[in-house]
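Student: A predicted structure for the sequence below; I have some questions about it.
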Amino acid sequence: MKPTAIVYTSQTGHTWQYALLLGEQLGLSVYALDEACAKLSDGSPVLYLGWLHANHVKGYRAAARRFVLCAVCGVGLCDTGALTAEVRKATSIPESVPLFTLQGGMDRSRLKGVDKLMMAMLTRALAAQKQRSAQDERMLELLGKDASYVRPENLAAVLQWYREQGA
Ligand SMILES: Cc1cc2nc3c(=O)[nH]c(=O)nc-3n(C[C@H](O)[C@H](O)[C@H](O)COP(=O)(O)O)c2cc1C
């Protein structure tokens, strides 16, 4: 099913940027989740984007309660296309719902209190691990610096999926 709107949850802006890029490319309106709940009818088909927090797509459950999620994008520090199995499991996203991961970025100045603390804990825990996967190594490197990796080309798989949905 083709989405009729884009709905997102973002804390520091990277997910919002991807939502805007998709809105432009697909000619769809873009709403923050709260705004969507007020403005869109229950059961509207939407493309949902949420930032990744401990492999969980933020806002997924609330969005899935209100809308039909045609596809879900998790925006995190992981590489675009990585960790989809882990994110699907942690968020309990059914296999029938297409899931994409997109590399966002880090802006520590915009993190809220608890998340700032969690970030520091995550960094310490990763640094203390004796054996780290390549993805862990990369995450550790990216956690330590403020940067944006939002790129239009990261949306290629999502756009391909959208085109395959037909009319
Ligand atoms: C507390 C915390 C936990 C995070 N957990 C993950 C994670 O499990 N996987 C990941 O790839 N990125 C993780 N991140 C990175 C964010 O998902 C990333 O910074 C994202 O771009 C934030 O999106 P936003 O700018 O839309 O808020 C975490 C960030 C914070 C603050």
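Tutor: Noted; the coordinates are in hand.
Student: so does whichever strand or helix holds V7 get close to the ligand?
Tutor: Element membership for V7, per DSSP states H and E: strand 5-9. No. Judged by Cβ under 6 Å from any ligand atom, strand 5-9 stays clear of the ligand, getting no closer than 7.6 Å. In this view, the C-beta of every residue, glycine as well, is placed from N, C-alpha and C.
Student: averaged over its residues, what pLDDT does that strand have?
Tutor: Per-residue pLDDT values across strand 5-9 average out to 98.
Student: got it, and stretch 133-151?
Tutor: Mean pLDDT, stretch 133-151: 90.
Student: Around the ligand, which positions in the chain sit nearby?
Tutor: Listed as neighbours of the ligand in the chain under the rule Cβ under 6 Å from any ligand atom: 10-16, 51-55, 75-78, 104-106, 111, 115, 118-119, 122.
Student: quick one: strands adjacent to the strand holding V7?
Tutor: With DSSP bridges as the test, strand 5-9 is paired with strand 29-32 (parallel), strand 45-53 (parallel).
Student: Distance from the longest one to the middle of the chain?
Tutor: When C-alpha coordinates are averaged (Cα atoms, centre = their mean, to the nearest Å), strand 45-53 and its chain have centres 5 Å apart.
Student: What's the mean pLDDT across that strand?
Tutor: Taken as a whole, strand 45-53 has a mean pLDDT of 97.
Student: helices and strands around the helix or strand just after it, which ones?
Tutor: Towards the C-terminus, the helix or strand next in line after strand 45-53, according to DSSP H and E, is strand 56-57. Packing partners of strand 56-57 (3 or more Cβ pairs under 8 Å, 6 or more residues apart in numbering; DSSP states H and E): strand 45-53, helix 84-91.
Student: Now do the strand holding V7: everything it contacts.
Tutor: Contact with strand 5-9 is made by 15-16, 18-19, 22-23, 26, 28-33, 36, 40, 44, 46-51, 58-59, 63, 67, as judged by Cβ atoms under 8 Å, 6 or more residues apart in numbering.
Student: ok, now stretch 137-147?
Tutor: Under the criterion Cβ under 8 Å, 6+ apart, residues 77-79, 105-109, 119, 122-123, 126-127, 132 lie in contact with stretch 137-147.
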